[in-house]
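Undergrad: sequence plus predicted model, see below.
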Amino acid sequence: MRDGQIILQDVGVGYRIYREKVSTLKEAVANRFRHLRTAEKFWALRHVSLQIAPGEAIALVGHNGSGKSTLLKTIAGVLEPSEGAAVAQGRISPMIELGAGFDAELSGRDNVYLNGALLGFSRKQMEAKFQRIVDFSELGDFIDLPVKNYSSGMYARLGFAIAQDVEPDILIIDEVLAVGDERFQEKCKRRIQDFRAAGVTFVFVSHSLPTARELCPRAAVLHHGRLAFDGPTDAAWERYRELERGPAPGPVFQA
Amino acid sequence: MIEAAQQTRPDAVPAAAPALAQVRSSRVAEVWRFRQLIALLVVRELKVRYKRSVLGLLWTMLNPLLLMVVYAVVFTTIMAAAQPNFSVFLLAGLLPWLYFSTSLMQGLMSVLANQELVRKIRLPQAVFPLSVVGSNLVNFTLSLVPLLAIMAALRQPFTPALLFLPAAALVLTLFCAGVTLLFATATVFFRDVRHLTEVLLQVLLYLSPVLYDLKQLGEHRTWWFQLFRLELRVNPLSYLIPLVRDPVYYGRLPSLPTVAVALAWAAGALLLGFAVFTRLEPRHIHHL
């Protein structure tokens, strides 16, 4: 496999729905672990197969609860599929949420290093990136303030600034472009274009057709955990609209 | 392989499996790759803990000191202990005990405490319990400073055996890491492990030679005393505490069998803890 390649084969992610909520040992023993046997499986994602080539950009589209986030987490390796196999080769910049690894008590500076380490970078490597990250984030002297004092825009700017400088092979972004002012959004988009030009694989969750069309020629539509469409973005959007209009089936439960 | 993956035939699934196994290969190497993260998490823990406190890290040294004063007053004036320099004896047992019990109590909550990260970023989750042990190692090391000061003040002789302390700290750390990993994963599945451990630790303090020494135990013919003896022989702390106390209080190296058993317990705990933790790690996210 090459860096940046993503292969999903018949991926299913099932959550156990415990009809009897058990979180203490006493209850578990009292019920003789019945909750384990009566658990039902809810498939957040099932029979999803996708091939994403290095340098390709794909938008994920779907209603709330369609399994987009579950799919992103599976690609990022946060979730292990309960069925099938998922492989994403190379370094993943998992910006499922910008600033996911921030510690509110620490300064922006400390958080840059902490985030770098969370992604597997050494202090030395982060030192080389540090100034670039601060410049990109436009935080200036605020970098030494605890991030709990940041505005949400500053928070997101620092998060994106880190995400864009970790030399990813795969960039995963979950609707984070909605934050920050318009000018900064434009800057982020330009940076993503650069990445695409450099051959970075890009997986993007979006509710906005213009943004998706601008960034990704290809889109996949998820509908109640199934892959409903995979193809050109405009056609995908039509399919998505179509599915939205139709009656939504209830969630799929299976004992 | 690429053609195979584009179809949704179930028999196409095994094609990606070897690659998957390769990615998930060495858990130890993965944790090692994140060693700098562990170091940063240790620093974060210390920074956050002592933030805006005037004395900062000094508290690490004051804490055992104050505790020792309380115990020393209780045991020397109220209960009249026989040992000379009882404060040194006490501190030499309490410091490793506190290292172990504090690591465990903080560490078993560490995966839950960092669930926001576990949900969003792929990383070996063992870094969380391990960094808790790491920050307690820092505390343990710093608390040796007041210990040495008290030794000097009470004219307790300094012997070359004190040079064994780094090795003692290492063995203790391996043991703490193993037990903490084990309890951290258990707590994810059953939250009451935390409360259970709290109670168990209180009992364990008295069932371990922390406040007393094995040599002080007399002989009784009662069955419960024999049982107690047996428990002390099995209890890993009976071997781990002397690693610190022997050099500090008795001014000699711990006996070779003691070191050997302590090391065996430490290695065993670490292997078991790490194996169980990494085995159950992928399932944590469903229980957070």
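TA: Okay, I see it. Numbering: from 1, shown residues only, chains lettered A, B, ... in the order given.
Undergrad: helices or strands up against the helix or strand hosting B:V28?
TA: Per DSSP states H and E, B:V28 falls inside helix B:27-33. Under the contact definition 3 or more C-beta pairs under 8 Å, 6 or more residues apart in numbering or on different chains; DSSP states H and E, helix B:27-33 sits against helix B:256-284. Bear in mind the C-beta positions are built from the backbone N, C-alpha and C, glycine included.
Undergrad: for the helix it packs on, packing partners?
TA: Looks like helix B:256-284 contacts helix B:27-33, helix B:165-189, helix B:237-245 (3+ C-beta pairs under 8 Å, 6+ apart).
Undergrad: which residues touch the last one?
TA: Spelled out, that is helix B:237-245. B:89, B:92-93, B:95-97, B:100, B:164-165, B:167-168, B:171-172, B:175, B:204, B:208-210, B:213-214, B:232, B:254, B:258-259, B:261-262, B:265-266 (C-beta atoms under 8 Å, 6 or more residues apart in numbering or on different chains).
Undergrad: narrow the residues you listed to those that are buried.
TA: Burial of those was assessed by neighbour count (16 or more other C-beta atoms under 10 Å in any protein chain shown); the buried members are B:89, B:92-93, B:95-97, B:100, B:164-165, B:168, B:171-172, B:175, B:204, B:208-210, B:213, B:254, B:258-259, B:261-262, B:265-266.
Undergrad: pick out the least confidently modelled helix or strand of chain A, by mean pLDDT.
TA: strand A:253-254 (a mean of 48; mean pLDDT, DSSP states H and E).
Undergrad: where are the low-confidence patches of chain A?
TA: A:18-23, A:31-39, A:94-99, A:175-180, A:246-255 (pLDDT under 70).
Undergrad: quick one, what contacts the residue located most distally from the centre of it?
TA: Most distant from the centre of chain A: A:A30, at 39.6 Å, with distances by C-alpha atoms, centre = their mean. Applying C-beta under 8 Å, 6+ apart to A:A30 gives no contacts.
Undergrad: just say helix, strand or coil for the residue lying closest to A:L119 once chain neighbours are set aside.
TA: Excluding the flanking residues, the one nearest A:L119 by C-beta to C-beta, 6 or more residues apart in numbering or on different chains is A:V166, at 5.3 Å. On the three-state scheme (DSSP: H, G, I helix; E, B strand; the rest coil), A:V166 is labelled coil.
Undergrad: in this structure A:V166 contacts A:R91, no?
TA: Yes - look at A:V166 against A:R91 with C-beta atoms under 8 Å: they come within range, at 7.1 Å.
Undergrad: neighbour-wise, which of the two wins?
TA: Set side by side, A:V166 and A:R91 show more neighbours around A:V166, with 22 against 18, by other C-beta atoms under 10 Å in any protein chain shown.
Undergrad: ramachandran angles for that one?
TA: Backbone torsions of A:V166, given as degrees, to the nearest 10, read phi -100, psi 20.
Undergrad: ok, it to B:L123 distance?
TA: 13 Å (C-beta to C-beta, to the nearest Å).
Undergrad: and B:F228, by the same measure?
TA: 44 Å.
Undergrad: now A:L8
TA: A:L8 is 21 Å from B:L123, by C-beta to C-beta.
Undergrad: ok so, going back, out of the helices and strands packed on helix B:256-284, deepest packed?
TA: helix B:237-245 (a mean of 25; mean count of other C-beta atoms under 10 Å in any protein chain shown).
Undergrad: so B:F228 and B:L123 - more neighbours on which side?
TA: B:L123 (24 against 14).
Undergrad: before we move on, which element is residue 156 in?
TA: Went with chain A since none was named. For A:A156, the host element (DSSP H and E) is helix A:152-163.
Undergrad: wait, chain B
TA: Counting by DSSP H and E, B:Q156 is part of no helix or strand.
Undergrad: was I right about it contacting B:P247?
TA: No - at 11.3 Å, B:Q156 and B:P247 do not qualify as touching, with contact defined as C-beta under 8 Å.
Undergrad: quick check: residues of the stretch 101-250 of chain B near chain A?
TA: Contact residues, the stretch 101-250 of chain B versus chain A (C-beta under 8 Å from any C-beta of the partner chain): B:116-123, B:190-193, B:196.
Undergrad: among these, name the ones in helices.
TA: Counted as lying in helices by DSSP state H, out of those, are B:E116, B:L117, B:V118, B:R119, B:K120, B:V193, B:L196.
Undergrad: quick one: mean pLDDT for stretch B:259-279?
TA: Stretch B:259-279 shows a mean pLDDT of 96.
Undergrad: likewise for stretch B:196-208?
TA: Here the average pLDDT along stretch B:196-208 is 96.
Undergrad: contacts for it?
TA: By C-beta under 8 Å, 6+ apart, the list of residues contacting stretch B:196-208 reads A:25, B:97, B:101, B:104-105, B:108, B:183, B:211, B:228, B:231-232, B:235, B:237-238, B:241.
Undergrad: show only the entries of these found in helices.
TA: A:L25, B:W97, B:S101, B:L104, B:M105, B:F183, B:F228, B:E231, B:L232, B:L237, B:S238, B:I241.
Undergrad: which residues of chain A fall in strands?
TA: For chain A, applying DSSP state E gives strands covering A:6-17, A:40-52, A:57-62, A:83-88, A:92-95, A:170-174, A:201-205, A:218-223, A:226-232, A:253-254.
Undergrad: nearest to A:G153, of those?
TA: strand A:92-95 (15.9 Å; C-beta to C-beta).
Undergrad: the closest residue to B:E30 other than its chain neighbours: how many residues sit nearby?
TA: Leaving aside its chain neighbours, B:E30 sits nearest to B:P124 (4.7 Å; criterion: C-beta to C-beta, 6+ apart). A count of nearby residues for B:P124, using other C-beta under 10 Å, gives 20.
Undergrad: B:P124 and B:V31 touch, don't they?
TA: Yes - counting by C-beta under 8 Å, B:P124 touches B:V31, with 4.8 Å between them.
Undergrad: pull the contacting residues for B:T258.
TA: B:T258 neighbours (C-beta under 8 Å, 6+ apart): B:Y239, B:P242, B:L243, B:D246.
Undergrad: would you mind measuring from the second one to chain A?
TA: When distances are taken as C-beta to the nearest C-beta, to the nearest Å, B:P242 and chain A turn out to be 34 Å apart.
Undergrad: from the contacts of B:T258, pick the one nearest chain A.
TA: Chain A has its nearest neighbour among those in B:Y239, at 29.7 Å by C-beta to the nearest C-beta.
Undergrad: distance of the closest residue to the closest one other than its chain neighbours relative to B:P236?
TA: Using C-beta to C-beta, 6+ apart and skipping residues adjacent in sequence, the residue nearest B:Y239 is B:A262, 3.9 Å away. B:A262 sits 7 Å away from B:P236, going by C-beta to C-beta.
Undergrad: and A:A161, by the same measure?
TA: 48 Å.
Undergrad: which one's more surrounded, those two?
TA: The neighbour count for A:A161 versus B:P236, taken as other C-beta under 10 Å, is higher for A:A161 (26 against 18).
Undergrad: can you report phi and psi for the residue nearest to B:E30?
TA: Torsion angles, degrees, to the nearest 10, at B:P124: phi -70, psi 120.
Undergrad: what sits against it?
TA: B:R27, B:E30, B:V31, B:F34, B:T278, B:E281.
Undergrad: got it, and B:L41?
TA: A:L114, B:V127, B:F128, B:S131, B:G134, B:S135 are the contacts of B:L41 under C-beta under 8 Å, 6+ apart.
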